[in-house]
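Asks: No sequence on hand, only this structure:
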């Protein structure tokens, strides 16, 4: 029964953690490039800041909605893989470790993406949307890069986490 509860908690908790990550990530993004939201994300999500009590809460909601589903996908890999550990407590610890690897990798990649965008992006990459008349297109591009790298970091982090879980299971055998 404890293993079933662990699975259910993991399937609920990981999307919530990913959503929290997104909400915090977008607070940093808004600090750097408010126009990324006011000129792009608000339209993309169809939101008005007054609906949520201002810019910061709206940005948090957008961040949550943009990332909770990534956490759900990650949970579909990590939680069932946790079942390879026979002891329930070990299973919990390995799922938590794998989750931290995934989120940590996404965060590091987000910061690398921000640095890449800030220091190395001079022109608009093909396929990127840049609203006309931006006051700070440089910050807009840097934050766009941060967002793209963060999603890539989530995928990379998941691969690393799965690899670590499989390796740790083999070590325990």
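Replies: Done, it's in. Because the structure is a prediction, the values reported are computed rather than measured. Numbering: from 1, shown residues only.

Asks: who does the longest helix anywhere in the chain touch, helix- and strand-wise?
Replies: Of all segments of type helix in the chain, defined using DSSP state H, the longest is helix 137-172. Judged by 3 or more C-beta pairs under 8 Å, 6 or more residues apart in numbering; DSSP states H and E, helix 137-172 is in contact with helix 2-32, helix 34-36, helix 55-82, helix 88-119. For every residue, glycine as well, the C-beta is placed using N, CA and C.

Asks: now that helix: how far from the chain's centre is it?
Replies: 8 Å (C-alpha atoms, centre = their mean, to the nearest Å).

Asks: Kindly reformat the helices and strands packed on helix 137-172 as JSON lines containing mean pLDDT and distance to residue 47.
Replies: Listed next are the helices and strands packed on helix 137-172 as JSON lines, based on pLDDT from 0 to 100; distance: least, C-beta to C-beta, whole Å:
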{"stretch": "helix 2-32", "mean pLDDT": "96", "distance to residue 47": "12"}
{"stretch": "helix 34-36", "mean pLDDT": "97", "distance to residue 47": "14"}
{"stretch": "helix 55-82", "mean pLDDT": "96", "distance to residue 47": "6"}
{"stretch": "helix 88-119", "mean pLDDT": "96", "distance to residue 47": "22"}
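
Asks: Export those helices to a markdown table and append columns for mean neighbour count.
Replies: Supplementary listing: these in a markdown table, determined by neighbours: other C-beta atoms under 10 Å:
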| stretch | mean neighbour count |
| --- | --- |
| helix 2-32 | 18 |
| helix 34-36 | 20 |
| helix 55-82 | 20 |
| helix 88-119 | 19 |
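
Asks: and of those helices, who's closest to residue 49?
Replies: helix 55-82 (4.5 Å; C-beta to C-beta).

Asks: Check which helices and strands that closest one sits against.
Replies: Packing contacts for helix 55-82, counted by 3+ C-beta pairs under 8 Å, 6+ apart, involve helix 2-32, helix 42-45, helix 88-119, helix 137-172.

Asks: Can you say which of those helices is nearest to residue 79?
Replies: Proximity to residue 79 (C-beta to C-beta) singles out helix 2-32 among those, at 3.9 Å.

Asks: With distance to residue 150 as added columns, please give the helices and strands packed on helix 137-172 in a markdown table.
Replies: Formatted as a markdown table, the helices and strands packed on helix 137-172 follow (distance: least, C-beta to C-beta, whole Å):
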| stretch | distance to residue 150 |
| --- | --- |
| helix 2-32 | 6 |
| helix 34-36 | 13 |
| helix 55-82 | 8 |
| helix 88-119 | 4 |
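
Asks: for those helices, which one sits closest to residue 162?
Replies: That would be helix 55-82 among these, by C-beta to C-beta, at 6.1 Å.
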